[in-house]
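# Here's a sequence, model it:
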Amino acid sequence: MFFSPLTSASTRSFSTELERLATALDAADTVLVGAGAGLSTAAGLTYSGARFCEHFSDFIEKYDFPDMYSGGFFPFPTEEERWAYWSRHIKINRYDPVPTPLYEQLLELLAEKDLFVLTTNVDHCFQRAGLPKERLFYAQGDYGLWQCSVPCHARTYDNEAQVRCMVAEQRNMRVPAELVPRCPICGAPMTMNLRADDTFVEDEGWHAAAARYQDFVRRHRGSRLILLELGVGGNTPVIIKFPFWRMAAENPHATYACVNLGEACAPAEIAERSVLLDASAADVVDALRG
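Numbers count the residues shown, from 1 in each chain. Below you'll find the model as predicted:
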């Protein structure tokens with residue numbers, strides 16, 4: 001199925017679109033949320049600026065990183081330095097409190113709905129906000145999990161205790177050598193369970209979540225469904241955006257709602273059943289809550 005041209009939020013009134021979204025949510029029993037990086041950014045989990053400088057001033061001074069994302073791809077000279085960086089990154093984005101209650105407010109807003117969440121975010125904010133794991137598919141991984149870097153086996157490992165220890169024990173931008181995580185099976189270095197290439201481990205939990213997502217989509221095919229896309233950009237459109245467009249096109253009872261600052265659009269085929277809001281998810285959720 002091909003989609004063209006795109007209708008932009010710039011052609012529509014914000015207040016009218018907000019009212020349309022509120023009406024659609026009131027009428028709907030079922031909501032499928034597609035959440036991207038823009039949602040966590042709106043919740044205060046920013047990867048640059050003051051928050052980045054607060055936690056990584058030493059790395060910035062030494063390597064001139066522009067943001068946390070860039071630092072994650074840097075070829076550090078030692079595993080000790082690599083894990084000094086990554087342990088801080090994981091702790092502040094996965095285990096420290098989220099700066100604002102946006103995720104809790106969103107779940108409160110959708111509390112009476114048959115809800116499922118598909119997300120490319122790896123910070124697990126939905127589950128931390130109280131969403132049962134049975135209603136969540138974290139397609140791109142989880143900061144809270146490690147895997148073998150080879151990988152020699154399809155299993156992941158919870159990392160919270162060791163991450164906290166790494167942050168507490170690191171000195172001069174290095175963790176002690178004995179804290180560097182290694183695969184318990186083959187001895188290779190561990191790595192993050194984040195989808196970056198074909199070494200990403202899809203473990204039993206990942207496959208179970210994927211199956212629950214597919215079952216949710218199957219059960220609600222043809223129903224009065226809201227496809228609520230929050231903060232999803234164009235980096236990985238095949239995971240959320242394109243499937244949401246396709247589901248809306250195939251289901252005449254579905255409403256596609258795109259909330260994204262600077263990138264709210266919909267294809268012509270579903271434009272009449274689309275709500276387009278060029279705004280931060282925080283502003284939209286706040287307005288819907290009244």
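# show me where pLDDT drops low in the chain?
Applying pLDDT under 70 to the chain flags the ranges 1-3.
# At the geometric centre of it, which residue do we find?
In the chain, the residue lying closest to the centroid (C-alpha atoms, centre = their mean) is Asn121, at 1.5 Å.
# burial measure for the nearest residue to that one once chain neighbours are set aside, as a count.
If the residues on either side of it in the chain are set aside, Asn121 comes closest to Ser40, at 5.4 Å by C-beta to C-beta, 6 or more residues apart in numbering. Every C-beta, even on glycine, is put in place using the N, C-alpha and C of the backbone. Other residues lying near Ser40 total 25 when counted by other C-beta atoms under 10 Å.
# Tell me if I'm right that Ser40 and Phe126 touch.
No - the pair Ser40 / Phe126 is not scored as a contact, 10.0 Å apart, by C-beta atoms under 8 Å.
# surely Ala139 meets Thr119?
Yes - if you go by C-beta under 8 Å, Ala139 and Thr119 touch, sitting 7.0 Å apart.
# Looking at these two, which one has more neighbours?
Ranked by neighbour count (other C-beta under 10 Å), Ala139 and Thr119 place Thr119 first, with 26 against 18.
# who touches the residue lying closest to the more buried one once chain neighbours are set aside in this structure?
Distances taken as C-beta to C-beta, 6+ apart place Ala35 nearest to Thr119, at 4.1 Å, with adjacent residues excluded. Contact analysis of Ala35 by C-beta atoms under 8 Å, 6 or more residues apart in numbering lists 117-121, 126, 230-232, 240.
# In CSV, list these along with distance to Val175 and secondary structure.
Shown next, in CSV, are the contacts of Ala35 (distance: C-beta to C-beta, whole Å; DSSP: H, G, I helix; E, B strand; the rest coil):
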residue, distance to Val175, secondary structure
Val117, 33, strand
Leu118, 34, strand
Thr119, 29, strand
Thr120, 28, coil
Asn121, 26, coil
Phe126, 29, helix
Leu230, 35, strand
Gly231, 32, coil
Val232, 35, coil
Ile240, 35, coil
